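**Student:** can you look at this prediction? I've put the sequence above it.
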Amino acid sequence: MANALARAGRSIWRGAKRTATASAVAAATAGTWGLLEAQAYTLRRRTVLLDGAQAGNPTSAGRTLRILHLSDSHLLGWQHRRAAWIEELAATEPDLVVLTGDLIASPAALTPLFSSLSPFAGTTGTFVFGSNDYYLPQPKNPLSYLAANTTPQASENEKRAEQPWQELQSGLEAFGWHDLTNQRAHLDIGNWSLDAVGVDDPHLDRDEYPLPLGDSPQGSPQCGTPYTPAPQQVVGTTPDGATYLRIGLTHAPYKRILDAMTADGCALVFAGHTHGGQICLPGAGALVTNCDLEREYASGLFQWPPTGKGVMHGDGTVPTGTERRPTAWVNVSAGLGTSPFAPMRIACRPEAVLLDLAVI
């Protein structure tokens, strides 16, 4: 009896050792893959078709506006490969560059970031900031990213060292780009006329939705004389024949911001923050969004409010929305980087998005 128990004990022990070994190997393999995938930079190519006749100008068919959306680069001073990849995107020749925050992870990243963006200096650009542009990242348990609520408390931010965000701001403005931090701007790009609206990072509760351009005090930076489309219309034609639409920028795609921008008449909204979930399960997708969006909207192009038509995660083309209610196309970028303290991605490649607006 004693021998039988001993044999059973040894068998259980050997089984436990095999299980532990297999688990360790699997964890090491996943970790190695995650580190490699975090360097597998990918350019997504998406097209939104706009109906020229519906916008009031059938002769505008054939117009295109190319927008390059960059987000969450979390650049460190030594990440020259990531910076070089961003610089190479100038070959796509965008008409508009959109930055949705968390651009740097250390003060030393300013020089390589500006160098990587310098080829775009002659291109119209807009930007908003994320929390990591204001505060240095802090060491934390990588698994804490999977928590349901990671919104930092005000007391936590008071303890964090600041990033040189004023230098980041002035450097981007030196390119001629528009700071949309709780602000609006009017952009004329060829035969396109755009209103742009942005908010400061909702994840830090810094968002203050700006007044419409026409309601701004005369002489303020928010002043302009934009074309205002008819009610329910998010794309139109200006009196001089330019294709008009409104776009929105936010770092974190909280529902309150997407609702506000849709109600404001935005045809397109750009966001980041989520990292696409960063650690995803094949077939199941993102585990978290790090905001109040459902997991299926962790990255990709989709309509808001949701129309039941799903999310485009890769490349592709979508038609003009035909819903009677106002809707916006929302592009949530999975971002290019990660926190320096959780430098892995699984089933979620780092990305930039090239989005073409095409009038048909």
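**Tutor:** Great, that's in hand.
**Student:** got the contact list for Leu70?
**Tutor:** Ile86, Leu89, Val97, Val98, Leu99, Thr100, Ser333, Leu336, Ala352 (CB atoms under 8 Å, 6 or more residues apart in numbering). C-beta: built from backbone N, CA, C; applies to glycine.
**Student:** domains in this structure, by residue range?
**Tutor:** Residue ranges for the domains of the chain, per automatic domain parsing: 1-37, 42-359.
**Student:** report the rounded mean pLDDT for the shortest one.
**Tutor:** Think domain 1-37. Domain 1-37 shows a mean pLDDT of 60.
**Student:** and for the last one?
**Tutor:** Throughout domain 42-359, pLDDT has a mean value of 89.
**Student:** okay, buried residues for stretch 43-62 please.
**Tutor:** Neighbour-count burial for stretch 43-62, with 16 or more other CB atoms under 10 Å as criterion, is recorded at Arg44, Arg46, Thr47, Val48, Leu50, Asp51, Gly52, Ala55, Gly56, Asn57, Ser60.
**Student:** and the closest residue to Pro340 other than its chain neighbours, how many residues sit next to it?
**Tutor:** What sits nearest to Pro340 in space, not counting adjacent residues and going by CB to CB, 6 or more residues apart in numbering, is Ala105, at 5.3 Å. When counting by other CB atoms under 10 Å, one arrives at 24 neighbours for Ala105.
**Student:** related to what we said a few turns ago, let's see which of the contacts of Leu70 end up in strands.
**Tutor:** Those of those mapping onto strands are Val97, Val98, Leu99, Thr100, Ala352, per DSSP state E.
**Student:** and for the second one, the neighbour number?
**Tutor:** One way to gauge burial is a neighbour count; for Val98, by other CB under 10 Å, it gives 28.
**Student:** return the residues in contact with it.
**Tutor:** Contact analysis of Val98 by CB under 8 Å, 6+ apart lists Ile67, Leu68, His69, Leu70, Gly125, Thr126, Phe127, Ile247, Leu249, Phe270.
**Student:** from what I can see Thr111 touches Gly77, true?
**Tutor:** Yes - between Thr111 and Gly77 there is a contact under CB atoms under 8 Å: 7.4 Å.
**Student:** understood, closing this out.
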